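S.K.: with the sequence up front, the predicted model follows.
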Amino acid sequence: MTSVQVTIAATGKVLNVPTGLFINNEFVSSVDSQDKIECIDPATENAICSVTAGSATDIDLAVRAARNAFKTSWGKNVTGFERSRLLNKLADLMERDAQDLAELESLNNGKPVKIARDFDIGDSVACLRYYAGFADKIVGQTIEIDNKTKVAFTKHDPIGVCGQIIPWNYPIQMWAWKVAPALACGCTIVMKPSEFTPLTALKLSELIVEAGFPPGVVNTIPSLGSVGGAALSAHLDVDKIAFTGSTVTGRKILEAAAKSNLKKVSLELGGKSPQLVFESADLEEASKWAALGILYNTGQDCTAGSRVYVQDTVYDAFLEKLVEKAKALTISHAFDEKSGGGPVVSKVQYDKIWSYIDSGKQEGAKCILGGVKRSGKGYYVDPTSVRLLLIYALTAYAMTVFTEIRPDMKIVKDEIFGPVLSVGRFATEDEGIELANNTSYGLGAGLHSNDASQCMRVSQALEAGTVWVNQYNLLYNNVPFGGKKQSGIGRELGSHALDEYTSVKAIHWNYGEKLDWPL
Ligand SMILES: NC(=O)C1=CN([C@@H]2O[C@H](COP(=O)(O)OP(=O)(O)OC[C@H]3O[C@@H](n4cnc5c(N)ncnc54)[C@H](O)[C@@H]3O)[C@@H](O)[C@H]2O)C=CC1
Ligand code: BAL
C-alpha cells in the first residue's frame, strides 16, 4: 500500500497521504526492507500513520533515477526558461494546496496551522518563485586573456545529483530552501526528510508530478538518518549534500563525504545565538524581540536567541518587561486559528528540553519563569500555570527563563532547541561582545541599541553569519543565510545559494594562435 487516508480530527478533513518511496515520479515499496517509520501527532502522542522506511538499496535506486534524469531530461538538457516555468507551476500548486499542506504539517510537527500556512508555506511559495526567477539568469563571464586571438569564458554548470537531508523543525520550508535553488540550477535531487516529519515531503512529491517535472528529477526517500542519510552521504555517485540539522550529524556527513567521493557539502547547523541589549535601546521593543527570539517555533529554531545579555544599568527594567511580555497572553491548540504555540516535535526533543531545564536548576541558575512540567498528553513544553503569548503575527508560546547564569553552565553552552532562555548581564560594550562571542557556534546574533555608531561597531564584532540590529529572527529569501564557526559551511538563500548547486567550468578558446613547434 503506498497511500493512506489521514483524518484531521480537528477539522474532520480527510487527506490522501502517500506512504511509499517516491522514485521516478512513482510511489513504490522498498526493494529489500519491510521497515516502517511511525508518524506521531505530538499534540496527542497518537500514531498518524506509518510510511515506508527506505533502505540503503532504495537510496541507491533513487540516486540512479536522479542520475538518469540528470543525463537525459534535466541537467543541461533543459533550458533555464523551462526550469523557471516548472518551478513557478510548483509554486502555484503549493499555494493552491496551502491549507491542506499546513494541516498535515501541523499534525506531524505540532506547529500552529496558521503559522505553517502563512509563514512556512507562504515563505516557501515565495522561495520557489524567487529561484524560478534565477533559472534563466545563471550566467558566466567572458574573460580577456593576454593574447589577441584567445579568450576564456565560464559556464556555471549544474553540479549534478544532490542529496538533500532536512530536519523536522520546518519540514516544508527547509524542503523549499533546498529544492528551489537546486532545480533552478538544473540539478536532480534525492530528498531525505526527517524520520519525525516525512508526511509533507511525500505530499509535495505529488505536486512534483502534477507540475510536470520529468521522472527522476526529484526523488523522496523517508529513512532513518543512520540508514538513508548515511547512505546518501557516503554514496559515490552523489555530487553534493545539502544538510540542515545538528552539528554532530553535520560532522558525520562531512566525514562520509571525505571518505567517499569528496562530494561538495553545505551544512546549516546548530546555534547558541546571543542578543545584546544596550542601555540606549528601546526596552519595550527589545523585550518583544528577545521573547520572539526564543519563543518562535517553540524555540526549535537554529537561530533561536537562547542567550540574552543586558547592560547592567537597564537589566532590572528589561527583565521586568520581558517577563511582562511573556505573562501577558495565552495559547491554545495548534488547530485553533488564533493559536501561536504547539507542542515540541517528539518525545526525544521533549525529554531533551526538560533535562536542560533540570540541569539549569542543578547548576545553580535562578529560574524566574516556568521550569515546572504540566501534566496531560502531548509534548508541550508549557511549563507553568502561566500561559504566555508574544504578539508577533499572533504567535503564542511559553518559555522558561533563567538568570544568574555562568558561561560554564550547560544551558548557556549547548543548543537546547526549546523555549528556554538564559539571561545574563554585562557592564561595558567589550564585555558584552566577549560574552556573546563566547561560543563554538556562529549562526545568528542580535543587538539592541539606539546609538548608531555602537550598532555598526557591535554588528562588525559579533561572530555570526547573520546579525540583526533592533530586531531578531527575520529571514528573507533574497538575503543569504548561513553560519560561521561550528554553525555551518556555505550559504542558503539569496544568489549565494546558486554557488552551492553549480560548478564553474572555465573554457579557454583559441581562435588564431599557431603553436610554435618544437617549444
Ligand atoms: N539547525 C537546525 O535547524 C536543526 C538542529 N537540530 C539540533 O539537533 C538536535 C537533535 O535533533 P535530530 O533530529 O537528532 O538532528 P539530526 O541532525 O540528527 O537530524 C537532521 C537530519 O539528519 C538526518 N541524519 C541523522 N543522522 C544522520 C547521519 N548519520 N547521516 C546523514 N543524515 C543523518 C536525520 O534523519 C534528519 O533528516 C536538536 O535537538 C537540535 O539541537 C535539529 C534539527 C534542525
Ligand atoms: N530558522 C531558519 C531555519 C532553521 O531553523 O533551521
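M.R.: Thanks, I have it. Numbers count the residues shown, from 1 in each chain. Ligands and ions are numbered 1, 2, ... in the order given.
S.K.: was I right about residue 88 contacting residue 130?
M.R.: No - at 10.7 Å, residue 88 does not count as touching residue 130 under the criterion of C-beta atoms under 8 Å. Backbone N, C-alpha and C define where each C-beta goes, glycine included.
S.K.: distance-wise, check the residue most central in space within the chain relative to ligand 2.
M.R.: Centroid-nearest residue in the chain: residue 174, 4.5 Å away (criterion: C-alpha atoms, centre = their mean). Here residue 174 is placed at a distance of 6 Å from ligand 2 (C-beta to the nearest ligand atom, to the nearest Å).
S.K.: tally up the residues packed near the closest residue to that residue other than its chain neighbours, please.
M.R.: Excluding its sequence neighbours, the residue lying closest to residue 174 (C-beta to C-beta, 6 or more residues apart in numbering) is residue 166, at 4.2 Å. Neighbour count of residue 166, defined by other C-beta atoms under 10 Å: 28.
S.K.: list the contacts of residue 166.
M.R.: 174, 175, 178, 191, 192, 193, 194, 201, 243, 244, 245 (C-beta atoms under 8 Å, 6 or more residues apart in numbering).
S.K.: separation between it and residue 198?
M.R.: Plainly put, residue 166 is 10 Å away from residue 198 if you go by C-beta to C-beta, to the nearest Å.
S.K.: equivalent analysis for residue 115, please.
M.R.: Counting by C-beta to C-beta - residue 115 and residue 198 are separated by 20 Å.
S.K.: what is the neighbour count of the residue nearest to residue 282 when sequence neighbours are not counted?
M.R.: Closest residue to residue 282 apart from its sequence neighbours, by C-beta to C-beta, 6+ apart: residue 450 at 6.5 Å. Counted with other C-beta under 10 Å, residues neighbouring residue 450 total 14.
S.K.: and residue 450, that one's in a strand?
M.R.: No - under DSSP: H, G, I helix; E, B strand; the rest coil, residue 450 falls outside any strand and is assigned coil.
S.K.: I figured it hits residue 280, correct?
M.R.: Yes - contact criterion C-beta under 8 Å: residue 450 and residue 280 qualify, at 4.3 Å.
S.K.: need the residues touching each of those two.
M.R.: Counting by C-beta under 8 Å, 6+ apart, nothing touches both residue 450 and residue 280.
S.K.: burial measure for residue 281, as a count.
M.R.: 23.
S.K.: assumed it was part of a strand.
M.R.: No - Residue 281 is assigned coil when assessed by three-state DSSP, not a strand.
S.K.: check it and give its pLDDT.
M.R.: Looking at residue 281, its pLDDT stands at 98.
S.K.: need the contact list for it.
M.R.: 314, 448, 449, 450, 470.
S.K.: drop anything exposed from these.
M.R.: Neighbour counting by 16 or more other C-beta atoms under 10 Å classes 314, 448, 449 among the contacts of residue 281 as buried.
S.K.: in TSV: those, plus distance to ligand 1 and pLDDT.
M.R.: Listed next are the buried ones among the contacts of residue 281 as TSV, based on distance: C-beta to the nearest ligand atom, whole Å; pLDDT from 0 to 100:
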residue	distance to ligand 1	pLDDT
314	31	98
448	24	98
449	28	98
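S.K.: quick one: which of those residues is nearest ligand 2?
M.R.: Using C-beta to the nearest ligand atom, residue 448 comes nearest to ligand 2 of those, at 19.7 Å.
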